[in-house]
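1. this one's sequence-less:
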């Protein structure tokens with residue numbers, strides 16, 4: 001396992017622009033999901049935390065799909081940015097090549113903005129489940145729940161930055177719409193992480 005982790009970290013640390021921030025956001029989200037599943041497994045089957053069984057089972061039952069989605073988005077983000085770089089390297093020796101290059105740059109930039117937007121959306125989905133787990137989950141794992149929520153929010157925030165950097169490169173209706181959607185996601189995520197922090201703080205004081 002250590003070799004696998006080191007391999008990923010070495011790839012991120014390399015001079016190559018991919019994998020970069022968007023990929024890290026998706027991997028961060030995968031860690032958030034994993035911690036949420038751990039807290040859920042520590043909650044179910046224990047009478048003391050019966051109120052948390054329903055949300056825990058929901059998180060566990062969806063965990064395979066959500067983890068696979070996060071890992072898939074990590075790869076998609078790197079591929080999307082690679083396509084942007086490829087489009088900028090296209091020839092522009094005549095009018096036809098120039099137009100083809102412009103179109104390729106636009107399409108690849110839309111793809112490079114769409115992928116982190118999806119990462120942000122997945123982060124919001126997880127955050128929306130965590131207030132109930134924070135309220136009713138196993139108190140002995142409350143800091144792990146807090147870590148899960150902070151990682152999920154961080155994934156959303158990083159993904160939002162990656163959307164913005166792509167949108168800011170050109171004016172386009174599709175890009176503007178992606179940006180608008182992602183801003184809404186970030187706003188909702190901020191509300192949720194504030195709520196979860198308050199719940200965690202209250203339970204840790206009790």
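-> Okay, I see it. All of these numbers come straight from a predicted model, not from anything done at the bench. Residues are numbered from 1 along each chain as shown.

2. Can you show me the helices along the protein?
-> In the chain, the helices defined using DSSP state H lie at 2-13, 21-43, 53-61, 63-88, 95-136, 142-167, 173-205.

3. The closest residue to residue 97 other than its chain neighbours: how many residues sit nearby?
-> The shortest distance from residue 97 to any non-neighbouring residue, by C-beta to C-beta, 6 or more residues apart in numbering, is to residue 91 (4.9 Å). Using the backbone N, CA and C atoms, a C-beta is placed for each residue, glycine as well. One way to gauge burial is a neighbour count; for residue 91, by other C-beta atoms under 10 Å, it gives 10.

4. repeat for residue 136
-> 19.

5. so it makes contact with residue 59?
-> No - using C-beta atoms under 8 Å, residue 136 makes no contact with residue 59, being 11.9 Å away.

6. Output the helices of the chain in TSV; the columns should cover mean pLDDT.
-> Putting these into TSV (pLDDT from 0 to 100) gives the following:
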stretch	mean pLDDT
helix 2-13	79
helix 21-43	97
helix 53-61	97
helix 63-88	95
helix 95-136	97
helix 142-167	97
helix 173-205	96
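
7. tell me the contacts of the closest residue to residue 73 other than its chain neighbours?
-> Counting by C-beta to C-beta, 6+ apart, the nearest residue to residue 73 once its immediate chain neighbours are dropped is residue 26, at 4.2 Å. For residue 26, the contacting residues are 70-71, 73-74, 76-77, 119, 155, 159, taking C-beta atoms under 8 Å, 6 or more residues apart in numbering as the criterion.

8. Just the buried ones from the residues you listed?
-> By neighbour count, with 16 or more other C-beta atoms under 10 Å, the contacts of residue 26 hold 70, 73-74, 76-77, 119, 155, 159 as buried.

9. among those, which two are most distant?
-> Of all pairs drawn from those, the one with the largest separation by C-beta to C-beta is 76 and 155; the distance is 14.2 Å.

10. For the residue lying farthest from the centre of the chain, what are phi and psi?
-> The outermost residue of the chain relative to its centre, with distances by C-alpha atoms, centre = their mean, is residue 94 at 40.5 Å. In terms of degrees, to the nearest 10, the main-chain angles of residue 94 are phi -150, psi 180.

11. Name the nearest residue to residue 163, sequence neighbours excluded.
-> The shortest distance from residue 163 to any residue that is not its chain neighbour, by C-beta to C-beta, 6+ apart, is 4.5 Å, and that residue is residue 182.

12. Test my guess that the one you found contacts residue 118.
-> No - checked against C-beta under 8 Å, the pair residue 182 and residue 118 is beyond contact range at 9.7 Å.
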